[in-house]
Each structure stands twice: as structure tokens, then as C-alpha cells.
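Trainee: Predicted model and sequence follow; I will ask about them next.
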Amino acid sequence: MASKLDQLLSDLSGEDELLKIKALQWLGYEMDPAEAPTVLERIRRLTSDAAPAVRYYARLALDEIARRGGIAPETPAQGENEILTLLAHEAPEVRLRGVLSAYHTRSTPLFEALSALLRREDDPWVRASLVKAVAGYRRKLSLPLLIKYLDDADGRVRANTVEALAELDNPVVTARLAEMIDDPEHRVQSAVLTALAKGAGSEGDIRPRLESMLASDLVWLQASAVYVVQEVLPRWGLDVLLAFAERGIKDRRLRGRVANLIEVLARRRERGEEAAPPVRTAPSFADEPALDERDVPTRPGAKR
């Protein structure tokens, strides 16, 4: 007879979305962390599943496994030469370690190596980290390269690229990001809504969209809206979340996040800190070019 773990892995490979979600929940919260190495790759693949709900619960499972000690943290590489060696490795998990280590080191050789790797990298996990590593250098020559990844096939990569480019506060780039507000990946929607609210300084423009997301029956969509409220802390955020909580929140984890956020927003209101949205001074590239609209490709069918 197949073991519990074997049956769950079989469910992960099946076509039934509900069975996948139930398996992910068990693996995240009930599985012995010592068995994590046998399931991690299967779960990671599901973070790119066609079903948004499966992607959502796959990420939750990975987070919970990491919290419970099932994923050992990698020690950052020390020194530029070691990082360059990792970036050139054939295994994507090793290259990823090199990219993450490069977040804390800045040099021209590293920038060139990261940019070259981004152009040829096939693994979406590595690409998603690379766009942030390259953007961290704030070099104007990296802008055309980064903009290209707004159209990446993987949602993680698109979301990270949105976050990186949003720091420019450039009106042409902002217009390009606005075209992505209906992206099919909820992580990208969250990143775009957060970028537009912070960049434009007018968080009221996103309120109807967030209220619509919270009114959905889809947990992953509700979670995306809560994430945006947490990032932006809009003056109307407390009212929106109180209304959401009063309707009832089925997901236990999301219910806890909302309760904590309501407490934070209530304290801000008591102290009068919500009278005006937080002032955001966005850092810009040291040698940022004056982008022309023609430099920024739009999605097919999008209007200039």
C-alpha cells in the first residue's frame, strides 16, 4: 500500500485542483520537515501551475516548510571571486545562491556577470532574483534589459521586474507598468497596484480595484489585495479591511494577517498618522536616461 507521502505526491501530479491544494496544505503544515528534500522540487514546480490557487498554496507550503526548518538557509558566498564561480555553475540552485550573495556586493565585474547571466538564464527562479540584482546597480544601460522582463513568461520574474522598475518613478516606465494591471498572475497585479499607488502618491485610485479583489471568493486574490494594503498603508485601508473582516474570512492564515494589519492601521489612526499618505522619495538611477516612449515596448494591443 502506498504511503501517505506517496499518495500526496501522486495528488500533486494529478489534474484535480482541490486534491493538489489539500496535498500542499498537508505537506506545508503536517509533513515531517526531514522529508522536505523529497518534495521541494515538486512543490516549487507548482508555483508556476496554471491554476492561481495552486500557485498560491504552493508558495504558502514552501514558506511553512522553511519556517519549520525544512529548508536549510544557504550561507552567503564570501568575496567576489567565489560569487563569480557560483554564477558560472551548471546547477541553477548554485547560480541562485551566487545571485543572492551578489545582493550584498557591488563591483563592475559582478554587474557585467549578472547582466550576462540574465540574458541567457533559463531557470525562472534564478531570473526572478537576477532582475533585482541587476536593478540594484542602478545603471542606465540595464534599463532596456530590465524592461524586457516585464514580458517574461514567469510571474515571479514579471513581479520582481515591476518592483525594480517602480523605484525609478519615471512617467514613461509608470505608464508601461499601468498596462500590466490586468496581468493574469496575482503577484504581478499586487506589484503593479503597489507601484502605482506609491509612485503616483494617490492611493485612492486603487481602492475600487482592491475592494473588488477582497470581494472575490478566491483566497489568493484576497491575499494579493491585503498585501497591497500592507505595503501602501492607505488612509482608507482600515475601513476596507474592517468591512472585509465583517463579511468573514475563511482562510485561517489570511484571517490572522488581516487582524494584525487592522491593529496596526487602528493605532495609526489613533495617533493621527493617516492624515496624509507617507511621502516617498524614490531613488533613481545615478545615470538614469531620459526615456522616450519609443524605448519602452508596450503589450500587443495596448494604447500609447
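Mentor: Cool, the structure landed.
Trainee: quick check: domain ranges of this protein?
Mentor: 4-67, 202-279 (automatic domain parsing).
Trainee: Output those as CSV; include the columns mean pLDDT, distance to residue 158 and mean neighbour count.
Mentor: Every residue, glycine included, has its C-beta placed from N, CA and C. Compiled in CSV, the domains of the chain are given as follows (pLDDT from 0 to 100; distance: least, C-beta to C-beta, whole Å; neighbours: other C-beta atoms under 10 Å):
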stretch, mean pLDDT, distance to residue 158, mean neighbour count
domain 4-67, 84, 12, 17
domain 202-279, 86, 14, 16
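Trainee: now for those domains, which one comes closest to residue 82?
Mentor: domain 4-67 (24.0 Å; C-beta to C-beta).
Trainee: What is the end-to-end distance of that closest one?
Mentor: Terminal residues of domain 4-67 lie 22 Å apart, using C-alpha to C-alpha, to the nearest Å.
Trainee: And the domains of the chain: which comes nearest residue 145?
Mentor: domain 4-67 (22.4 Å).
Trainee: How far does the closest one sit from its chain's centre?
Mentor: 19 Å (C-alpha atoms, centre = their mean, to the nearest Å).
Trainee: What lies in contact with the longest helix seen in the chain?
Mentor: Longest helix of the chain, by residue count under DSSP state H: helix 252-271. Outside helix 252-271, the residues that touch it by C-beta atoms under 8 Å, 6 or more residues apart in numbering are 60, 219, 222-223, 226, 229-230, 233, 237-238, 241-242, 244-245, 249, 274.
Trainee: Pull that helix out as CSV, backbone CA atoms only.
Mentor: Output of helix 252-271 as CSV, limited to C-alpha atoms (Å, rounded to 0.1, in the frame of the first residue of the first chain):
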residue,chain,number,x,y,z
ARG,A,252,-7.1,31.0,8.8
ARG,A,253,-3.7,32.4,7.8
LEU,A,254,-5.2,35.3,5.9
ARG,A,255,-7.6,36.0,8.8
GLY,A,256,-4.6,36.3,11.1
ARG,A,257,-2.8,38.7,8.7
VAL,A,258,-5.8,40.9,8.4
ALA,A,259,-6.3,41.0,12.2
ASN,A,260,-2.7,42.1,12.7
LEU,A,261,-2.9,44.7,9.9
ILE,A,262,-6.2,46.1,11.3
GLU,A,263,-4.4,46.6,14.6
VAL,A,264,-1.6,48.5,13.0
LEU,A,265,-3.9,50.7,11.0
ALA,A,266,-6.1,51.4,14.0
ARG,A,267,-3.1,52.6,16.0
ARG,A,268,-2.0,54.8,13.1
ARG,A,269,-5.5,56.3,13.1
GLU,A,270,-5.4,56.9,16.8
ARG,A,271,-2.1,58.7,16.5
